[in-house]
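A.B. asks: next come a sequence and a model predicted from it.
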Amino acid sequence: MPYSQRRKNCEPYTFEGAVSAGAADVNGHFIKRDTAIYLNGPWWIANFYKEDNAVDGKLLADSVEVATNPVFEGGLGEGGLVTTVQGFLAAGKQDDPAKEAAVVKFLQYLTDPVHVSELALSSGAMFFVKYTPAEETRPISQKVTEVANNAAFTVLHVNGAFPTAFSTEFPSALAALINGDVDAQGFVDQLQEAIDMA
């Protein structure tokens, strides 16, 4: 979910060296107000409300807005949501019918809108289940929930859509493309080679 800070003057959208930067760098620069746009998930919203991240007594949450993902011309349009597979919850077919019934019952319990709301409030985690957030939910989390509830379509996160070798090579290939070391075909070839070599 993209977040953006309202800016009074024209400052950089990101910091020098942002391409292939790690999560700690990206998180730190957004907290310091060095960047205007930031991509992260709902679990990170609590950091916007921490006093430790305030500047001159002003919480980061006071200057953050929620935005939908950018789209390309000719794409499906605005209103989409990037999702990921909850792989740790997946359970293969069980040989024991009682175990299979237990798995189904657990997943039904876990994805019940009431429990999804509780999990979102306590941890920031969200499931792709429509629900009404609890009254005490923070405004930014409420906005994220609104966007999710109204999403017209979903796009699978790159880490869930491609093999691990692709995800591992992607930062390097993207840096090469942006820095002009390879063209678009070279970018694709670099990723394909990583997959083939795995």
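C.D. replies: Everything's here; your move.
A.B. asks: low-confidence ranges in the protein?
C.D. replies: Applying pLDDT under 70 to the chain flags the ranges 1-13, 20, 69-73, 75-77, 85-92.
A.B. asks: contacting residues for the residue nearest to Asn149 when sequence neighbours are not counted?
C.D. replies: Nearest residue to Asn149 in three dimensions, chain neighbours excluded: Lys130, at 4.8 Å (CB to CB, 6 or more residues apart in numbering). To be clear about C-beta, it is placed using only N, CA and C from the backbone, and glycine gets the same treatment. By CB atoms under 8 Å, 6 or more residues apart in numbering, the contact set of Lys130 is Pro113, Ala148, Asn149.
A.B. asks: now the last one, what are its backbone angles?
C.D. replies: The one in question is Asn149. The phi/psi pair for Asn149 (degrees, to the nearest 10) reads phi -60, psi -30.
A.B. asks: measure it to Val116 for me?
C.D. replies: To Val116, Asn149 is 11 Å away according to CB to CB, to the nearest Å.
A.B. asks: mutual contacts of those two, please.
C.D. replies: Tyr131.
A.B. asks: mind checking which of the contacts of Lys130 are buried?
C.D. replies: Ala148 (16 or more other CB atoms under 10 Å).
A.B. asks: between the contacts of Lys130, which is nearest Glu51?
C.D. replies: Closest approach between the contacts of Lys130 and Glu51, by CB to CB: Ala148, at 27.7 Å.
A.B. asks: any buried residues in whichever strand or helix holds Phe187, and which?
C.D. replies: Per DSSP states H and E: Phe187 is located in helix 184-197. Buried residues in helix 184-197, defined by neighbour count with 16+ other CB under 10 Å: Phe187, Gln190, Leu191, Ala194.
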